[in-house]
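>>> What follows is a predicted structure for the sequence shown.
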Amino acid sequence: MDFPESPQSSVRSIERGGDGRKRVLVRIAAGEESALTTRDATLIADGAASALDQGLPLVIEFRANGPAAHEELAVTFAVGRAARELTKCSGRVPTIGVLHGDAMAGPSLLLGLVDHVIVVDHSHAFVSGPQMVSEFTGVEFNRTDLGGASVLAQNAGLASLSAPDLDTAYDLVDELLSVLPSNNEEPAPALESGDPIDRPVPEAGDVLPTTASGAYDVRSIIREIVDDEWFLELRPTFATNLVTGFSSIGGVAVGIVANQPMSIAGTLDIPSSQKGGRFVAFADAFNLPIVTLVDTSGFYPGKDLEWRGMIRYGAQLAFAYARATVPRINVTLRKSYGGAYIVMDSKNMGNDLAFAWPSAEIAVMGAKGATEILHRKATAEERVELEQAYEERLLNPYIAAQRGTVDAVITPADTRKSVAESLRLLSSKREIMPKRKHDNTPL
């Protein structure tokens, strides 16, 4: 670790190893059974205010077993101030929480206010503890089942990254901050790489299966396109049907969003819409161009999803893209149908450049679904012919290109070069947003 050891809670500005850039580090309650005190909460608030004042990233090492009961309401008031100061940092300086131990009750909500949480193994976080949950529901839970590290990563989606120990967690902090500016007034950092921007990537196209419904790992394509195969994936075990993360292309730090056909065929659902929407908003806030790789047949159908608010949550992803002002490049790899086509940063949503592979299918829906709706009375043999005709006539990227929703059809081998050149072309992009107090994100 690159900070001085301290047995007590503290706040300080320190240099990150090697490059001289600074961050504000807040360390809370190093003891195993420590509760969050008024002083601890005040340190978080002061650290957030200091980070904002200096224009530096904020890192909070969090470890406290709920609020200190002996301080009664005083600690609650202090946590409220900490929440307010963290909210002021949102979109202005990057904020990262390192959960090393337990976070319980009201103070645990502070983890939900930072941009990214790195969870160390054997840590726990929950608003209502196991005893209260068991008394209320009649179902017995232990701490690990309710809010253990794996639950926070896979089910709750709280953990952007996971680490086996504290040293590794701080290595991940360094890796994450390496692609981010210190604040929203700075451009995204340039990352050194000897990887030629015109390097052909025919292997990217080889990843696609021969059948339209075949699955593949989109991360293989991502690693072919980016510099030196380096890709820092965020929330890798949450909403696995959408891949999000940071990398660089031609030395330009970028945020990457991609449908993952290996998980529910790459369709979108509520968790993936939330995951994607928050990631796009973060990348846009800190001036990182967004590269979107599309292969999705639509939104995952189901009564449960509709009742839980698929419309509202699906709109979060559309909203995040539509308000983003950073350079945005879209590459359609295979399928892009219907509503999912719209929200995955389509041309009409305002992307700057839209590319498509020859294998791309951009349409309202697939051939089978369209035929069943348009030709309900057709026989089975007739439907086969109609599906083939639909595929040949509409399921290709050239119709979209004729209509202006695709700027160019490129070969998979030219993807890295096309994206890298586009990022250079768009490096001077600036958008002036209308004046308003703030937008009203669908929640």
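Done, it's in.

>>> Quick check: which ranges of the stretch 301-443 of the chain have low pLDDT?
Residue ranges of the stretch 301-443 of the chain with pLDDT under 70: 364-395.

>>> Now do the helices in it.
303-308, 310-323, 338-343, 367-374, 380-394, 397-402, 415-425 (DSSP state H, counting those that start in this stretch).

>>> Same question for the first one: list its buried residues.
Meaning helix 303-308. By 16 or more other CB atoms under 10 Å, the buried positions in helix 303-308 come out as Leu305. (Glycine included, C-beta is placed from N, CA and C.)

>>> domain ranges for this protein?
Domain assignment for the chain by automatic domain parsing gives 10-177, 202-360+396-425.

>>> Lowest average pLDDT across those domains?
Ranked by mean pLDDT, the domains of the chain bottom out at domain 10-177, with a mean of 88.

>>> distance between that domain and the chain's centre?
19 Å (CA atoms, centre = their mean, to the nearest Å).

>>> let's number from 570 now, not from 1
Got it, first residue is 570 now, which makes that one domain 579-746.

>>> where do the helices sit along the stretch 570-719 of the chain?
Going by DSSP H, counting those that start in this stretch, the stretch 570-719 of the chain shows helices at 607-623, 642-658, 699-706, 712-716, 718-723.

>>> contacting residues around Asn920?
Counting by CB atoms under 8 Å, 6 or more residues apart in numbering, Asn920 touches Thr861, Tyr890, Arg897, Ile898, Asn899, Asp914.

>>> go with 7 Å
The contact partners of Asn920, taken as CB atoms under 7 Å, 6 or more residues apart in numbering, are Arg897, Ile898, Asn899, Asp914.

>>> For the residues you listed, work out which two are farthest apart.
Ile898 and Asp914 (8.6 Å; CB to CB).

>>> More neighbours: these two, which one.
Asp914 (28 against 25; other CB atoms under 10 Å).

>>> you'd agree the more buried one is up against Arg897?
Yes. Asp914 is in contact with Arg897 according to CB atoms under 7 Å; the separation is 5.8 Å.

>>> returning to that earlier point: out of the helices of the stretch 570-719 of the chain, which is the most enclosed?
Mean neighbour counts were compared across the helices of the stretch 570-719 of the chain using mean count of other CB atoms under 10 Å; the top stretch is helix 607-623, at a mean of 22.

>>> Only the C-alpha atoms, please, for that one, written as PDB.
What follows is helix 607-623 as a C-alpha-only set of coordinates in PDB (Å, rounded to 0.1, in the frame of the first residue of the first chain):
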ATOM      1  CA  THR A 607     -19.400  11.000  15.200                       C
ATOM      2  CA  ARG A 608     -15.700  11.700  14.600                       C
ATOM      3  CA  ASP A 609     -15.600   9.100  11.900                       C
ATOM      4  CA  ALA A 610     -18.600  10.400  10.100                       C
ATOM      5  CA  THR A 611     -17.200  14.000  10.400                       C
ATOM      6  CA  LEU A 612     -13.900  12.800   8.900                       C
ATOM      7  CA  ILE A 613     -15.800  11.400   5.900                       C
ATOM      8  CA  ALA A 614     -17.600  14.700   5.500                       C
ATOM      9  CA  ASP A 615     -14.400  16.700   5.900                       C
ATOM     10  CA  GLY A 616     -12.600  14.400   3.500                       C
ATOM     11  CA  ALA A 617     -15.300  14.800   0.800                       C
ATOM     12  CA  ALA A 618     -15.200  18.600   1.200                       C
ATOM     13  CA  SER A 619     -11.400  18.600   1.000                       C
ATOM     14  CA  ALA A 620     -11.500  16.400  -2.200                       C
ATOM     15  CA  LEU A 621     -14.000  18.700  -3.800                       C
ATOM     16  CA  ASP A 622     -12.100  21.800  -2.800                       C
ATOM     17  CA  GLN A 623      -8.800  20.500  -4.100                       C
END
